[in-house]
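**Student:** no sequence on this one, just coordinates:
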């Protein structure tokens, strides 16, 4: 079974803090993705990575950066968290046919 | 233009009955993949079923089947014999091109199964 894990299920941070969301997959997938999910807006792609040290912007990259130093780990970074980044963050890893999602991190920025 | 359209924000179905969740898509690619995911209230996204654009037969996985009508660009999910545990949000998604590329998701349909 593919497993995608995320470092936290729930996270509360203050405005201006630097926030790291970690995602790890155990199936040697090359492709990994970060989405955010908001009510009424579905899933929106923030960043994705096709290989170690490679990254590409998704549909809403503003205010975020990513890091992929190892194949199994894809980190999402909020350099200076803002209240409009309060959301559910979902990480996914994929083979040819299927995206496997982590359990999600519900981030609240106060 | 929205690439994945799910026109039903909410649906109700009686337990043990079948239900169809609608999904239409827009792409100019010849190669693409279509997916359905289930998201229970706990939040995790669970993969249900996949249909490739060149697959001639409709995909099936247990009680789930995908009604793929390529000319109409529709990929409806059919759940047979609904169970209370099927109550969840359901997302249709499309991956354009070959390989493990990024996917575009619809806004989702909330399904409620009534006892």
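**Tutor:** Ah, there it is. Quick caveat, the model's predicted, so the values are computed rather than measured.
**Student:** Which secondary structure element of chain A has the lowest mean pLDDT?
**Tutor:** Within chain A, no helix or strand scores below strand A:99-101, which has a mean of 88 by mean pLDDT, DSSP states H and E.
**Student:** Quick one: residues in contact with it.
**Tutor:** Strand A:99-101 is contacted by residues A:2-4, A:25, A:27, A:29, A:33, A:90-94, B:35, B:37, B:44-47, B:93, B:103 when judged by C-beta atoms under 8 Å, 6 or more residues apart in numbering or on different chains. Any C-beta I mention is one placed from the backbone N, CA and C, and that applies to glycine too.
**Student:** The same query, at a cut-off of 10 Å, please.
**Tutor:** With C-beta atoms under 10 Å, 6 or more residues apart in numbering or on different chains as the test, strand A:99-101 has contacts from A:1-4, A:6, A:23, A:25, A:27, A:29, A:31-33, A:35, A:43, A:90-94, B:33, B:35, B:37, B:39, B:43-47, B:50, B:93, B:95, B:100, B:102-103, B:105.
**Student:** Please name the bridge partners of residue 66.
**Tutor:** Reading this off chain A. Note on residue A:66: beta-bridge partners residue A:76, judged by DSSP bridges.
**Student:** To clarify, I was referring to chain B.
**Tutor:** Beta bridges link residue B:66 to residue B:77, judged by DSSP bridges.
**Student:** okay but it is in contact with residue B:58, surely?
**Tutor:** Yes. Assessed by C-beta atoms under 10 Å, residue B:66 is found in contact with residue B:58 at 5.6 Å.
**Student:** Residues that sit against both of the two, list them.
**Tutor:** When C-beta under 10 Å, 6+ apart defines a contact, the residues bordering residue B:66 and residue B:58 alike are B:49, B:51, B:75-76, B:78.
**Student:** picking that back up, between residue B:66 and residue B:58, which is the more surrounded one?
**Tutor:** Using other C-beta atoms under 10 Å in any protein chain shown, the more surrounded residue of residue B:66 and residue B:58 is residue B:66, with 23 against 15.
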